[in-house]
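K.L.:
Sequence first, predicted model second:
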Amino acid sequence: MQSIESLTQLISQFPGIGPRQAKRVVYALLSKEDYYLNSLAEEIKNLKSHVRLCTESYAYFYSHDTTETLHPIVKDATRNNDLLMVLEKDTDLEAMEKSHLYHGLYFILGGNLPVVEKDPQKRIRLSELKRRIEKQVPKEIIIAMNATPEGDNTADFLKKELDSFNIKLTILGRGLSTGTEIEYSDKETLENALNNRK
């Protein structure tokens with residue numbers, strides 16, 4: 001039973017998965033064939049060796065080339081360099097790309113700021129974002145945080161921090177209802193949020 005408890009503990013560290021759900025996952029894994037478990041273990045081992053973190057957008061991307069440092073979107077000459085969208089996490093980027101509504105560049109902030117956060121610089125990639133803005137010099141920065149208290153707090157903080165750049169700062173419109181996360185939003189909701197940004 002020790003291995004069941006150990007694996008349950010490891011899985012419960014995933015976002016949104018508590019101890020009970022983690023235990024369900026462990027028992028589901030026990031019912032799988034060996035080839036499935038071996039494939040899963042192999043994919044987990046390969047994850048770090050083939051997935052890279054972009055040095056400009058801080059988005060993860062897949063590449064066999066160990067020297068590659070830039071996400072394909074960053075290298076895509078057809079993207080609009082005048083726009084930079086700041087997102088909390090990679091799944092938000094995936095949702096935005098699936099919608100086919102936005103054709104600018106991205107920056108992954110790596111988190112959000114709880115309302116009572118005392119040291120915001122440690123929770124998000126603020127200095128990296130400022131470096132990216134200085135390098136790209138966009139005409140508009142879209143602060144695309146989730147419609148949650150933490151997302152609103154993060155957007156307010158970023159507006160204050162980025163104000164000195166004298167670049168147009170917009171936030172997504174409320175096509176996103178309060179409590180909505182970008183990664184779970186449908187195309188129409190994202191379209192309204194983008195069109196109504198202010």
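P.N.:
It's in. Every value quoted in this text rests on a predicted model; they were computed, and no experiment measured them. Numbers count the residues shown, from 1 in each chain.

K.L.:
Gly151 and Val26, how far apart?
P.N.:
Shown here: Gly151 relative to Val26, a distance of 32 Å by C-beta to C-beta, to the nearest Å. From N, CA and C alone the C-beta is placed, and that goes for glycine too.

K.L.:
With neighbour numbers in mind, choose between those two.
P.N.:
Using other C-beta atoms under 10 Å as the criterion, Gly151 and Val26 rank with Gly151 on top: 24 against 19.

K.L.:
Can you pull the phi/psi pair for the closest residue in space to the more buried one that isn't next to it in sequence?
P.N.:
Counting by C-beta to C-beta, 6 or more residues apart in numbering, Gly151 lies nearest to Met145, which is 3.5 Å off, once chain neighbours are set aside. The phi/psi pair for Met145 (degrees, to the nearest 10) reads phi -90, psi 160.

K.L.:
check contacts around Met145.
P.N.:
With contact taken as C-beta atoms under 8 Å, 6 or more residues apart in numbering, Met145 is in contact with 86-88, 112, 151-152, 154-155, 171-172.

K.L.:
any low-confidence regions in this structure?
P.N.:
Along the chain, segments meeting pLDDT under 70 span 1, 174-180, 198.

K.L.:
what does the domain assignment say about it?
P.N.:
Here the domain parsing of the chain from automatic domain parsing is 2-49, 72-195.

K.L.:
Quick check: which of the ones you listed is nearest to Thr55?
P.N.:
domain 72-195 (8.9 Å; C-beta to C-beta).

K.L.:
Show me the strands in the chain, by range?
P.N.:
51-53, 60-62, 80-87, 104-108, 140-144, 168-171 (DSSP state E).

K.L.:
Kindly present the ones you listed as TSV, with separate columns for distance to Asn196 and mean neighbour count.
P.N.:
Below are these laid out as TSV (distance: least, C-beta to C-beta, whole Å; neighbours: other C-beta atoms under 10 Å):
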stretch	distance to Asn196	mean neighbour count
strand 51-53	32	15
strand 60-62	29	15
strand 80-87	15	20
strand 104-108	17	23
strand 140-144	12	22
strand 168-171	10	18
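
K.L.:
Serialize those to CSV and add fields for distance to Leu162.
P.N.:
What follows is the strands of the chain, written out as CSV (distance: least, C-beta to C-beta, whole Å):
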stretch, distance to Leu162
strand 51-53, 22
strand 60-62, 24
strand 80-87, 9
strand 104-108, 11
strand 140-144, 6
strand 168-171, 6
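
K.L.:
Identify whichever of the ones you listed lies nearest to Ser185.
P.N.:
That would be, of the strands of the chain and by C-beta to C-beta, strand 140-144, which comes in at 10.7 Å.

K.L.:
okay, the angle between the closest one and strand 80-87?
P.N.:
Put simply, strand 140-144 runs at 20 degrees to strand 80-87, going by axes from the mean of the first three to the mean of the last three C-alpha atoms, to 10 degrees.

K.L.:
Packing partners of the helix ranked longest in the chain?
P.N.:
Longest helix in the chain, counting residues (DSSP state H): helix 34-50. On a contact count with 3 or more C-beta pairs under 8 Å, 6 or more residues apart in numbering; DSSP states H and E, helix 34-50 meets no helix or strand.
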